[in-house]
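Undergrad: Test case, fold it:
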Amino acid sequence: MPARRTRKPTSTKARGAAEPLAFVALDLETTGLSHSQDEIIEIGAVLSSDGGKQETFRTFVHTDKKIPLPVKRLTGISEADLEGAPGLEEAVRQFNEFAGDKPVVLHNAAFDLEFLEARWQPPAEVWDTLDLSRAAFPGLRSHGLEYLARLFGFHPGRSHRALEDAAATADLFRLACAALGRRGEDVLRVLLAAAPGHYRGLLEALAEGGRHGRAGETGFQVDGAALENAMRVGRKRAAYPARPKPVESMAEVFGPGGTLSQVMGPEFERRLEQEEIADRIGKALEDDLFLTVEAGTGVGKSLAYLAPAAVWARRNRERVVVSTYTRNLQEQLYYKDIPLAEAALGPFRAALLKGRGNYLCWRKWRESVQYPDLLLSGRERAEAMILAVWAESTQSGDVSEHGGFNTGRAPGLWAKLSAESATCQGGRCQHYRRCFLFRARKAAQEAELVVVNHSLLFTDLVSQNRILPEHQRLIFDEAHNLEQVATDYLGLSLNRWEVHNFLQGLYSRKAGESGLLAKLGAWLKSHRHGGAAAKDWQSQLLELGESVLECGKLSDRLFLSKWRQKAGPREKIRFRPGDNLQAELQEAAGGLVESLLLLSDRLRLLTEWMSQAEGLDRIEQEAFVDQLRLGGQQAAGISDTLARLVSADARDHVHWVEFREQGLILASGPLEVGKVIARQLHPNLKTLVYASATLSVDGRFDYFLERSGLALADRDRVQHLLLKSPFDYGSQAGLAVVNFLPSPRDKDFNEQVSRLIEDMLQKTRTGTLVLFTSFDLLHRCYWRLVKAGVPALAQGIDGNPAQLLETARRSKDSIVLGTSSFWEGVDLPGQALELLVITKLPFSVPTEPLVEARCQAIEQAGGSAFHRYLLPEAVIRLRQGFGRLIRNKTDRGLAVLCDPRAATSDYGQVFLRSLPVMPTAVCQNQEQLWQAMEFLQHDGT
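TA: Residues are numbered from 1 along each chain as shown. Below is the predicted model:
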């Protein structure tokens, strides 16, 4: 197809600038995601000229590469469309003629630029609407092009076609510029200071537009409410009418005509299970008890523990800490559930507290935007631009408020900006009164109810209780994750990229000198000239640079060594003190341990010299001193972690090495978490409540008591409460157990279960979630569905879990394939999930180092590792997976369990008895399964 150009007038005035901006919005369609293996098949562009007119450009691009079926399905482009189309070189030439030298706008520019690399010389100004929208709309959790176009209501054309997506990119660019223009001159000045150079012309135009009173114009209609929410900085707590008179008993809250029903109105539904939990927790607080609570889905567990905790804390003037599994749950409690509880109970003081690394340090932020050339790399400046609007407006400094900034994506920048203790000046800081961490901790000290997350709780435990305010009453929600969370935070791990990123941040000679030491050297040269002092610091910097490079060589030698042959078919190997692998690892790591310590010492000496040097700009000097001090502490910390890992001499820990293509990972974890918790946590508490929807196995708490350490507590203090869900599982849910497949241990199982899933999904089209225990089987099943033309979304292929869930909630009949992260915490109500397929009983891999060691410990003590550990752990996990199916009283769905062991083995009955519904069918052949699936055709009336 020859390239097509069209011209049309459009009203695109101002976009926040003094005059209409001229730009070209560009989008590509490709055969896949790999720029080294896939090809461009379509180019689309929209040119917006200085006069406000708009022209379009579109061409297919010929390639001999076959277009994969998922791409055909997504784009509608086939090989026939590419016949007669220009090759890539000619298509790019035509685009260049169309675009001229105007700035180019892309969404997720890095992706398109990788495909165009070596074939196109981009202009000096390339603007990325992914970056701009993340900066402009911190209140959004997703910044995908399709999502934003749908949210704001612009450009209803077909997505995943180049011209249509280019038009959407153009609209998004104008909208993001308008939103930034509305922020005011002070914020734009900070944006301009933080941003990389190629954004300078754009941001200066936006600032000029603001001075001429034209900031914030869009030229087209958008959803105003959506725009206001997207631009919001910080979260709003739910609003309810205030209750002036505090309540004193749970009967006043949950009973008929109680305060909760008055607040919630028609939405209130009395739940006897909720009342019983509240009463028992109140008693545990009064009588200094340890309580385990299992409450099925739909009970209203959060309010059931918040209400008695708040009333008791207020009456007794003693703090209660509530810990949740994730930060999202933590925020849900604080911003949604606690305001509701306050409306029903009367006022009480509640605080949200996270770890240091979640809060912005205002001093570091101001220094970074004041001296960005000194303190930030090019990529860090792009991320700092994304932070700027939020940082200048936030009241809490909690970075999770910013939906467009991911600390994992910019670890180097966030290490420089967060309130971590290494460079904290405490009360000496000139910004102490504005310190976000200080405010959060002060609020927690004054609160009656403090909401934390499990990671902070265990960080506090490891630090001998130096982080959380004093407390003796703890409610631990989502307690089925206790052992895993404790393992993560009581263990250690180290990989090449952690070491590499740290060293690169200090000094690198790739593509010229870069890093902290290079910037420090250039800065010192600009302040000092010649003399003994110059020789002093030049010598130190030279030695430090060589130390960094030496550490890098030793790190690569350790982490990239050819250890693979030792693993054989296994990816992880456990090692013990004195065995051959441990000795080899310790020998290989020894040089890096010592070199990192030497690097730490040299950084400490340079820090001391810098802090005492005279005649320097004080603020810049302090910024460098902070970063040098942090670098020294990080070097010492990495050295200590590495030494502890390879020595393997912690008898109560398990040590292993994990082999990956990117290099090995060294790790360790506690052997018996329960003993650690019983020794370090329980003695400090008068009341402890463990709550979850899944703590019991076959109606008993024995497994959880052992793994949590409660089995070691005073029996008279430990009580249990097990309550079923109020949902009518008998009519709402069906369970079909497949008994005609081979055992999962059979070599034919994966092929046959993949074929069965294909047949099921060909037979019915409804919201489906397929749960896997391995990525291997997920990939096999996914590509089989693709070849059969069954539209499916796979974790790690079509997006991350959050993206797939968003799509599933929107489309109602999506087929989602997921592994471990989909087994719990996934909420797909109504038609979004009516068919749940569980491929295997979710047993842990027995050769995993921690699993293997824990099984050996049980066997050596005379117990059965299978019945005391492997089986109950898998039952809990299956219960979590099954719990995805029914999320409210109107949901209806069928679960299909494809593992015949559930029907044929003795232990299979333990799994089935632990589920809220017994099998409605045990299918001996495919025809019986099709009959069982007719459950989906009935509405239950």
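Undergrad: Check for me that residue 561 belongs to a helix.
TA: No - using DSSP: H, G, I helix; E, B strand; the rest coil, the assignment for residue 561 is coil, not a helix.
Undergrad: residues touching it, list them.
TA: Applying C-beta atoms under 8 Å, 6 or more residues apart in numbering, we find residue 561 in contact with 588, 664. For the C-beta atoms, the positions are set from N, CA and C on the backbone; glycine is no exception.
Undergrad: Can you check what pLDDT the model gives it?
TA: Listed pLDDT for residue 561 reads 70.
Undergrad: One more: residue 326?
TA: Per-residue pLDDT puts residue 326 at 86.
Undergrad: Can you give me the neighbour number for it?
TA: When neighbours are defined as other C-beta atoms under 10 Å, residue 326 has 14 of them.
Undergrad: Test my guess that it contacts residue 453.
TA: Yes - counting by C-beta atoms under 8 Å, residue 326 sits close enough to residue 453 to count as a contact (6.5 Å).
Undergrad: Excluding chain neighbours, what is closest to residue 306?
TA: Closest residue in space to residue 306, ignoring its immediate chain neighbours: residue 341 at 4.7 Å, by C-beta to C-beta, 6 or more residues apart in numbering.
Undergrad: Output the contacting helices and strands for the helix or strand harbouring the one you found.
TA: Taking DSSP states H and E as the criterion, residue 341 maps to helix 338-345. Counting contacts by 3 or more C-beta pairs under 8 Å, 6 or more residues apart in numbering; DSSP states H and E, helix 338-345 packs against helix 259-264, helix 301-316.
Undergrad: Show me the shaky parts of the chain.
TA: For the chain, applying pLDDT under 70 flags the ranges 1-20, 50-52, 155-157, 210-222, 244, 511, 528-535, 562-570, 938-941.
Undergrad: Show me how it divides into domains.
TA: Listed by automatic domain parsing, the domain ranges of the chain are 4-231, 272-349+448-472+685-726, 355-446, 514-670, 729-937.
Undergrad: okay, these in TSV with distance to residue 260 next?
TA: What follows is the domains of the chain, written out as TSV (distance: least, C-beta to C-beta, whole Å):
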stretch	distance to residue 260
domain 4-231	28
domain 272-349+448-472+685-726	4
domain 355-446	26
domain 514-670	41
domain 729-937	18
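Undergrad: out of those, which comes closest to residue 251?
TA: When those are compared by C-beta to C-beta, domain 272-349+448-472+685-726 sits nearest residue 251, at 8.1 Å.
Undergrad: end-to-end on stretch 889-906?
TA: End-to-end distance for stretch 889-906: 33 Å, by C-alpha to C-alpha, to the nearest Å.
Undergrad: starting at the chain centroid, how far to that stretch?
TA: Taking C-alpha atoms, centre = their mean, to the nearest Å, the mean C-alpha location of stretch 889-906 is offset from the chain mean by 30 Å.
Undergrad: 11 is where my numbering starts, stick with that
TA: All right, first residue 11 from here; so that's stretch 899-916.
Undergrad: Kindly provide the distance from the residue nearest to residue 316 to residue 256.
TA: Plainly put, residue 351 is 12 Å away from residue 256 if you go by C-beta to C-beta, to the nearest Å.
Undergrad: what about the two, which has more around it?
TA: Using other C-beta under 10 Å, the more surrounded residue of residue 351 and residue 256 is residue 351, with 27 against 16.
Undergrad: OK, contacts around that one?
TA: So residue 351 contacts 313, 316, 317, 320 (C-beta under 8 Å, 6+ apart).
Undergrad: Relative to residue 678, which of the residues you listed is nearest.
TA: Using C-beta to C-beta, the contacts of residue 351 come closest to residue 678 at residue 316, 36.5 Å.
Undergrad: so what does the longest helix along the chain touch, helix or strand wise?
TA: In the chain, with assignment by DSSP state H, the single longest helix is helix 590-622. Under the contact criterion of 3+ C-beta pairs under 8 Å, 6+ apart, helix 590-622 touches helix 541-569, strand 582-585, helix 628-657, strand 663-668.
Undergrad: will you turn those into JSON lines that also has mean neighbour count and distance to residue 169?
TA: Converted to JSON lines, the helices and strands packed on helix 590-622 look like this (neighbours: other C-beta atoms under 10 Å; distance: least, C-beta to C-beta, whole Å):
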{"stretch": "helix 541-569", "mean neighbour count": "17", "distance to residue 169": "41"}
{"stretch": "strand 582-585", "mean neighbour count": "20", "distance to residue 169": "41"}
{"stretch": "helix 628-657", "mean neighbour count": "20", "distance to residue 169": "43"}
{"stretch": "strand 663-668", "mean neighbour count": "22", "distance to residue 169": "39"}
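Undergrad: send the alpha carbons of stretch 314-332 over as CSV?
TA: Provided in CSV are the C-alpha atoms of stretch 314-332 (Å, rounded to 0.1, in the frame of the first residue of the first chain):
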residue,chain,number,x,y,z
ALA,A,314,-14.9,-6.5,62.4
TYR,A,315,-11.4,-6.0,63.7
LEU,A,316,-11.2,-2.2,63.2
ALA,A,317,-14.2,-1.4,65.3
PRO,A,318,-13.2,-3.3,68.6
ALA,A,319,-9.6,-2.2,68.2
ALA,A,320,-10.5,1.5,67.8
VAL,A,321,-13.1,1.5,70.7
TRP,A,322,-10.7,-0.4,73.0
ALA,A,323,-7.7,1.8,72.1
ARG,A,324,-9.7,5.0,72.7
ARG,A,325,-11.1,3.8,76.0
ASN,A,326,-7.9,2.5,77.4
ARG,A,327,-5.6,5.1,75.8
GLU,A,328,-3.3,2.3,74.5
ARG,A,329,-2.2,2.0,70.9
VAL,A,330,-3.3,-0.9,68.6
VAL,A,331,-1.3,-1.7,65.5
VAL,A,332,-3.0,-3.2,62.5
